[in-house]
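1. sequence below, structure please.
(one chain, ligands or ions: 2)
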Amino acid sequence: MPQARTENRSELARIAKRLRHYIVRSTTAAGSGHPSTSLSMVEVVTVLYFGGVLRYEPLQPHHPERDRFILSKGHGAPGLYAVLAEAGYFPVEDLMTLRKMGSPLEGHPNMRRLAGVEASTGSLGQGLSMGIGHALAARLDGSDYRTYVMTGDGEIEQGQVWEAAMHAGNHGLDNLTLIVDRNRHQQTDAVDKVQPLDPLTAKFEAFNWASREIDGHSLEEVAAAFDWARGIEGRPQAIIARTVKGKGVSLLEAAQEKWHGKPIPVEEEAKALQEIGADL
Ligand SMILES: Cc1ncc(C[n+]2csc(CCOP(=O)(O)OP(=O)(O)O)c2C)c(N)n1
Ligand SMILES: [Mg+2]
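-> Ligands and ions are numbered 1, 2, ... in the order given. Sure thing, here's the model as predicted:
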């Protein structure tokens, strides 16, 4: 299985800007969706797909040896679609069909309709359990593919996540890596106001995981964290990626509690795209 690897940080930074551009344009065109959720995950998926981490082949999306990426925070679908288009699973122009009738780019990812989507998600809390299924299957099959799961931070208030975490730790699933998008906001309020999660790395460690916290917008730190994860033996790994909800667009960054699930208004779009400054 090939890896799209570029060691060139400025090329990765250019890709990240393009993904942000696609996220804003597709959600504003749809008049709905979750740009702020999607913008916070951009550097993680950029390094995952283009920094030589994930092994995949868009022309063989079901290849048994491919690595798996499950976006458990399914409302981040515009971010997933942006990276899948950039990776060549479908034409970039199709991104503008987001949430339109008949489009496979549904509001939440549907694995039955779009190649590259590994799991149908949107009901929060389920992706880690699905990832464990893949990780256990790899072990049974004697295959070396790895499974990556991304959750939101509000999402991990769901009890199922901790049952899954306990299971993965008890089975020593070192072929499984969880990334928590720690943007400190959820739908209605700040995570700390709804259900504080700290100390998060210690919680995972108590469940027999290896865990570390990083700046989730630093391409260097994200790449180093994935390298670290691949070197861990006998335990699953949890990367707590500190991020900013709406990263890259000042309108969203300035009032993160207000913009969950809201597209950038048409009249604000040009300014947002200018701030992102993508070289298309
Ligand atoms: C089981 C379930 N409960 C509630 C929701 C509604 N919901 C959608 S997004 C969201 C907040 C998620 O916050 P977080 O996980 O922090 O994601 P972020 O958007 O901040 O990345 C909620 C409660 C849902 N999709 N699924
Ligand atoms: Mg959050």
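2. show me where this protein has its helices.
-> With helices called from DSSP state H, the chain shows them at 9-30, 35-39, 42-50, 77-87, 127-141, 159-170, 191-194, 200-206, 219-231, 250-253, 266-276.
3. buried deepest among the ones you listed, which one?
-> helix 35-39 (a mean of 30; mean count of other CB atoms under 10 Å). C-beta here means a position set from N, CA and C on the backbone, and glycine is covered the same way.
4. who touches that helix?
-> For helix 35-39, contacts defined as CB atoms under 8 Å, 6 or more residues apart in numbering pick out 20, 23-24, 27-28, 73, 75-80, 82, 152, 245-249, 252, 256, 259-264.
5. contacts with ligand 1 among those residues, please.
-> Near ligand 1, judged by CB under 6 Å from any ligand atom, the entries from the contacts of helix 35-39 are 73, 75, 152, 245, 260.
6. and the nearest residue to the second one once chain neighbours are set aside, how far from ligand 1?
-> Distances taken as CB to CB, 6 or more residues apart in numbering place residue 34 nearest to residue 75, at 4.5 Å, with adjacent residues excluded. For residue 34, the distance to ligand 1 (CB to the nearest ligand atom, to the nearest Å) stands at 6 Å.
7. then residue 111?
-> 17 Å.
8. likewise residue 219?
-> 19 Å.
9. same deal with residue 217?
-> In terms of CB to the nearest ligand atom, residue 217 sits 14 Å off from ligand 1.
10. contact partners for the nearest residue to that residue once chain neighbours are set aside?
-> Take residue 217 and drop its neighbours on the chain: the residue closest to it by CB to CB, 6+ apart is residue 43, 5.0 Å away. Contacts of residue 43 were listed using CB under 8 Å, 6+ apart, and they are 16, 216, 217, 218, 219, 222.
11. repeat that for 10 Å
-> 12-13, 15-16, 19, 51, 214-223, 241, 243, 247 (CB atoms under 10 Å, 6 or more residues apart in numbering).
12. from the residues you listed, which are also near ligand 2?
-> Near ligand 2, taking CB under 5 Å from the ion as the test, no member of those is found.
13. could you count how many residues lie near residue 218?
-> 15 (other CB atoms under 10 Å).
14. my guess is it contacts residue 242, does it?
-> Yes - Residue 218 is in contact with residue 242 according to CB atoms under 10 Å; the separation is 9.4 Å.
15. and the pLDDT for the closest residue to residue 205 other than its chain neighbours?
-> Leaving aside its sequence neighbours, residue 205 sits nearest to residue 211 (CB to CB, 6+ apart; 5.4 Å). On pLDDT, residue 211 comes in at 98.
16. residue 211 against residue 241, yeah?
-> No - the pair residue 211 / residue 241 is not scored as a contact, 11.6 Å apart, by CB under 10 Å.
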